[in-house]
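Participant: sequence first, then the predicted structure:
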Amino acid sequence: MARTPPVTYTRDEMMTVAAARELRPGMRCFVGVGPPSLAANLARVTHAPTIVLIYESGTIGAKPLHLPLSIGDGELAETADAVVSVPEIFNYWIQPGRIDLGFLGAAQIDRYGNINTTVIGSYDQPKVRLPGAGGAPEIATSAKEVMVIVKQSRRTFVERLDFVTSVRYLTAGTAHSPASQDGRSITVVTDLGILRAGLRTHQLTATELHPGVTLAQMQAVTGWPLTAADGLEEISPPTREELHALRHLMAASREPA
Amino acid sequence: MARTPPVTYTRDEMMTVAAARELRPGMRCFVGVGPPSLAANLARVTHAPTIVLIYESGTIGAKPLHLPLSIGDGELAETADAVVSVPEIFNYWIQPGRIDLGFLGAAQIDRYGNINTTVIGSYDQPKVRLPGAGGAPEIATSAKEVMVIVKQSRRTFVERLDFVTSVRYLTAGTAHSPASQDGRSITVVTDLGILRAGLRTHQLTATELHPGVTLAQMQAVTGWPLTAADGLEEISPPTREELHALRHLMAASREPA
Amino acid sequence: MTEMMALPDAIARTVRDGASVALEGFTHLIPFAAGHEIIRQGRRDLELIRMTPDLLYDQMIGMGCARRLIFSYAGNPGVGSLHRFRDAVEYGWPNPIELEEHSHAGMANRYVAGASGLPFAVLRGYSGTDLPKHTDTIAPITCPFTGEVLTAVPAIRPDVGIIHAQRADRAGNVQIWGIIGVQKEIALASRVTVVTVEEIVSRLEPVPGSIVIPGWVITAVAMTPGGARPSYVHGYYERDNTFYKEWEAISRDRDRFRDWMDEHVYRSESAS
Amino acid sequence: MTEMMALPDAIARTVRDGASVALEGFTHLIPFAAGHEIIRQGRRDLELIRMTPDLLYDQMIGMGCARRLIFSYAGNPGVGSLHRFRDAVEYGWPNPIELEEHSHAGMANRYVAGASGLPFAVLRGYSGTDLPKHTDTIAPITCPFTGEVLTAVPAIRPDVGIIHAQRADRAGNVQIWGIIGVQKEIALASRVTVVTVEEIVSRLEPVPGSIVIPGWVITAVAMTPGGARPSYVHGYYERDNTFYKEWEAISRDRDRFRDWMDEHVYRSESAS
C-alpha cells in the first residue's frame, strides 16, 4: 500500500468512484462482472458495507475479497448469505422487483436508456455479433433503479439502436407492462460525468460532470441533442480513501477485470 | 420377537402383505401415511430393498426405521437421498410422470377407480366433511400405476361418488388429458382380495381373493355389479417371513399407524 | 429489513382483523405459538391460508378467528378428522366458514406464483375432478405453442405470512433445514413476513440441507423457543405424536375444546 | 437407472448426429471433457442448447458440430467475444448456424418447464425488446384471472442433457455444491442425461449447500476427473482465468484455433 496519498487519478477511476457513490447502504444490487462489480465492491468496502450483492449465478449477499472475472466465480458462493439456483434467482428474486439497483452493460444506448447488446448492423446479417441479452431484459424492467457504467462515445450513445435488447421505459400501450413505472430512474455513469432519466422526464439528461469536463465535451460524444439539467454540477474528485480502496481492490483481484 | 412361527394372521395383515407383494424392486413409489407407508416399507424390508419411497413432504428415497405417523416426520428427511421443497416434489417429480406407483386413500371409490375424499353428502351442506384432495388429483393422473388400500364395504365401494376428488381414467374429450393413458392400471387391495382395472378394461374387476374369501362375499360389499376376471385366483397366505417383518415394523414404530 | 421483536408485538403490529394470513410449515415447523398469539389477541374474520390446516387451524377456527379458509387437505395426519374444522363446515360453529379448496399441487404453485411476482401459475391439475365446479380460482389455460389445455391457478399473496424456523442471526437471516416445505415461498409471497425461531445466533453455521432466507425479505423475527410444539423442529425437538392423537378426543367436544384452549392457550403465554 | 461407463462410451451411446444437446453448467461445472469427446467423435448438425455458450460451444461451433444454437448470452465472461461463434454467425465459417435467442430468465424458465413436464412457462420477460421479432418461441399469454398479458416460452426437452458434478455414489446418485445453476433442471428436462463426475465415492457425505440428484433419473455416469477444466469445480479446482483470457487470441484466428484443437483435443484424450 502507498504511504503517500495519491495525487492523480484516471478517468476510469473517476468513473468507478462516481458510480460507487451512487450506491447506498443496504441497497440490493444486481451485479455483473467488470465495472459494475468493481463499483459495487468499492461501495461495499467504503461507505456502504451493508450493500447486498446479488449475482445472476444465484449468489445472494456475496462478499468477495477478490473481484470475480466470471459471475460464477467460486468465491461468490463461498461468501454468500445464500446460494440459489439460476431459475430461482430470476423467478423469486429479480422478477418480483426485489432488486433496488440493477447494473446493465451497453454496446449502444439511446436517450431513453434503451440498450443494445445484441448486434451492430442487421440481426440477420450483423456487422458485429455481440453476446446478446443475458439477464438484461428482465433486470431493465424489474429493478427499482438501473445503472449503466460505460465510456461515452458517439458509437455507444446513439440516436437509434440497431437492436433493442432491453428497455427501461415501456411505451404506453405496451401490453407487457409491469405494475408501475413511476419514479423509476436510470443513471448512466460515464468517463465524462453522469446522465440521469426518470426524475421528471424519461430522457437522459446530463446532471453532473467530472472535474474539468465541459458540457460541450459531453455533447460532442453523444449521438443525440443532449441537454443539461438545471444546476449541472461538478463531481468532486476521488478522495484519498476512495482511490486507496479502489486500487487495493484492483491489486487484490486475482485477475483484474 | 416371537420365537415360534406365527400361525394366524388378521385380515388387515393379509391386506398389507398382499399390497406389499405388488411392489417391485426399484419402483418409485409415492407414499402417504398409514397403510401405504406400512405396505411400502414392508416391501422395502422384504423382497424389494431398492424400492424408492417418495413422500409429498419432499423426501426422495426415504428409508425410515420407524413408520411415520405424519408424512413430514423428521426421520424421513434424515434417511432420504434428497430432500426438496414441496413445490419441487409436485412440479419436478410427480407432474412429469416420474412416479411408478402412487398410493391413494379413499372414502368412496367407484368402478372406474375414481375417488372421493372430500365430502359425504352435498358439497355445500355436507353430511360429513372429509379432509379433501391433498396430493391425490395429480398423483391419480400422473403415476404409471395407482394403488388403493382400503377395507371393502358398500359405504366405500359405491355406484356413484358424492364428489369426484381424483380421477384415474379421464373420459375421452376431457381437455385436461395427460400425454397417454395406455397401459395405465389401478390396483385396489382390500381386506377381501384384489380388484384391478386398466389391463383390458377401465373397470375394476376382481382378480384375486384372500384365502377363504368367496367372490360372493366380495360382491356383497361392493356397490356396483362386480364381475370376476377369468382365472380368479386365491392369494397365498402371508409367509412367516412376511408376517415377522410386518409385526417387527409395527412394533418398531414409534406410533403404530 | 428485519426487526427483532417479541412475538406479541410482532403479531399485534402485523395481523389485523379481516387480513389474509398464511401460517405455513408442511407438517414440520408449524408456527403454533404465533397462531396461539393470534387467538389470544382475539383476531376475527381472518382469511386463513394453509395447505394442511392441521391442529393449529382447527384451534383458530374453533376459537372463531376465521371467516374463510384456503386449503388443500384438512385432516389430522395419520389420526383422522379435524373436528373443529368439521363443526364449522357442517354446523357453522362457532361461525360458518367459506372454503376455497385446492389440491396440494395447486396450492404449492399458487405460492410459487406469489413468490415469483406472477399473477398465476400453470400446472397439470384437477383433471376430471369436481373441484373446478366449486372453486372459482381454477381455470383452463391453453399453451400458445402446442394448443394443449392445462390448468391455471392465481397467485396467493397473503397480507401476512408466518413461518417458524430453526434459527436466525442478528441481521435477521433465517436458516431452515430438514423438510423445507413451502417456507421460502410463503416468506417471499407475503406482503409482510413474520418468522418465529428457536434461537438467535451470532453466525449461521451451515447445516447439511439447510437453506437461508435473507433478512431483508423478512419483516419481523421473534425468538420463540418451542414455537412449533406440538409439531416438531428438525434438530431441536420431535413431533408430539401423542398429543396429535389426544387432539382427536379433545377437539370432538365443543366444551372440552374450549376448556383446553382456556387452560393451554389463554392462561399461558407459552404454546401447549 | 444409471449405468457407469467410460466417457467415450457414454457419448457414443447417447449423442447422435442431428440431436439436440444441452451441455449445461452456469459458469461452474462446464462439461468440457464431454464436449471435447463429442468433437472427437465427429458429431454434426447438433442443436446446441446452453444459456452461456462459453468457450466450450465456441470450440464445438468452430469444429463444425453445430447446425443451430439456442442460447441467451454468447460472450467470454469478463474478456469479450466468442470469436468462433462470431465467425459462424458473421461469416458462416465453418458453416452457418441458425440462432434461437432468448434472455437468461427465458432460458431458465424453459428448462423449468421441461423439468416439470409442462409444454411452456410464464414469465414477465422480453418486454419492449426486439427479441420477439426474431425468436418465434416467445409468445404473449393472458392471465385468466387478471387479464394481464405476460410472456410464454416453450419447454426445452433436449435429446441429451450433459452436466458435470463433483461426485456420484455407486448407485449413480449425483452430488453438486457451490453454484448449482441449472444442473438439476437440465438433468430432469432431458430425455437422456449424462453426468461426468470428479470422483465416485461409496457414500455421499453431506456438504453445506449440496443437492443430490437421484441416480434413477440419470442415464449414465462417467468418472472424468478434471472434466470441467478450464472451468472450475467448487471444492476441487479453480477456474483457469488465464486460459479464458488466452482464448481471446487463440480463437481469433481460424488456423490458430484449429491447431490448438488438434493439439489439445484431438491428440489428447484429456480435456485441455
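Facilitator: Ah, there it is. As the structure is a prediction and not an experimental result, all values here were calculated from the model.
Participant: which parts of chain A are helices?
Facilitator: Using DSSP state H, the helices found in chain A span residues A:11-21, A:35-45, A:74-79, A:86-88, A:136-142, A:215-220, A:240-252.
Participant: any chance of these in JSON lines, plus mean pLDDT, distance to chain D and mean neighbour count?
Facilitator: Every C-beta, even on glycine, is put in place using the N, C-alpha and C of the backbone. Below are these laid out as JSON lines (pLDDT from 0 to 100; distance: least, Cβ to the nearest Cβ, whole Å; neighbours: other Cβ atoms under 10 Å in any protein chain shown):
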{"stretch": "helix A:11-21", "mean pLDDT": "97", "distance to chain D": "16", "mean neighbour count": "22"}
{"stretch": "helix A:35-45", "mean pLDDT": "92", "distance to chain D": "9", "mean neighbour count": "25"}
{"stretch": "helix A:74-79", "mean pLDDT": "83", "distance to chain D": "5", "mean neighbour count": "20"}
{"stretch": "helix A:86-88", "mean pLDDT": "98", "distance to chain D": "4", "mean neighbour count": "24"}
{"stretch": "helix A:136-142", "mean pLDDT": "95", "distance to chain D": "4", "mean neighbour count": "28"}
{"stretch": "helix A:215-220", "mean pLDDT": "98", "distance to chain D": "26", "mean neighbour count": "15"}
{"stretch": "helix A:240-252", "mean pLDDT": "91", "distance to chain D": "14", "mean neighbour count": "17"}
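Participant: what's the closest of those to chain C?
Facilitator: helix A:136-142 (7.9 Å; Cβ to the nearest Cβ).
Participant: what about stretch C:24-40, start to end distance?
Facilitator: 19 Å (Cα to Cα, to the nearest Å).
Participant: number of residues surrounding A:H47?
Facilitator: Neighbourhood size, A:H47 [other Cβ atoms under 10 Å in any protein chain shown]: 16.
Participant: so it sits against A:P25, correct?
Facilitator: Yes. Between A:H47 and A:P25 there is a contact at 7.2 Å, judged by Cβ atoms under 8 Å.
Participant: contacts only, for the closest residue to C:R167 other than its chain neighbours.
Facilitator: Nearest residue to C:R167, sequence neighbours excluded (Cβ to Cβ, 6 or more residues apart in numbering or on different chains): C:E199, at 4.8 Å. By Cβ atoms under 8 Å, 6 or more residues apart in numbering or on different chains, the contact set of C:E199 is C:166-167, C:223, C:225.
Participant: out of those residues, which are buried?
Facilitator: C:166-167, C:223 (16 or more other Cβ atoms under 10 Å in any protein chain shown).
Participant: nearest to chain A among those residues?
Facilitator: Nearest to chain A among these: C:R167, at 14.0 Å, using Cβ to the nearest Cβ.
Participant: relative to chain C, how far out is A:Y55?
Facilitator: In this view, A:Y55 and chain C are 14 Å apart by Cβ to the nearest Cβ, to the nearest Å.
Participant: who does that residue form a beta bridge with?
Facilitator: Using DSSP bridges, the bridge partners assigned to A:Y55 are A:V31, A:T59.
Participant: wait, it touches A:P64, no?
Facilitator: No. Assessed by Cβ under 8 Å, A:Y55 is found out of contact with A:P64, at 9.4 Å.
Participant: joint contacts of the two?
Facilitator: Listed as contacting both A:Y55 and A:P64 by Cβ under 8 Å, 6+ apart are A:L76.
Participant: so can I have JSON lines of the contacts of C:E199 showing secondary structure?
Facilitator: Output for these, formatted as JSON lines (DSSP: H, G, I helix; E, B strand; the rest coil):
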{"residue": "C:Q166", "secondary structure": "strand"}
{"residue": "C:R167", "secondary structure": "strand"}
{"residue": "C:M223", "secondary structure": "strand"}
{"residue": "C:P225", "secondary structure": "coil"}
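Participant: I appreciate the help and will end here.
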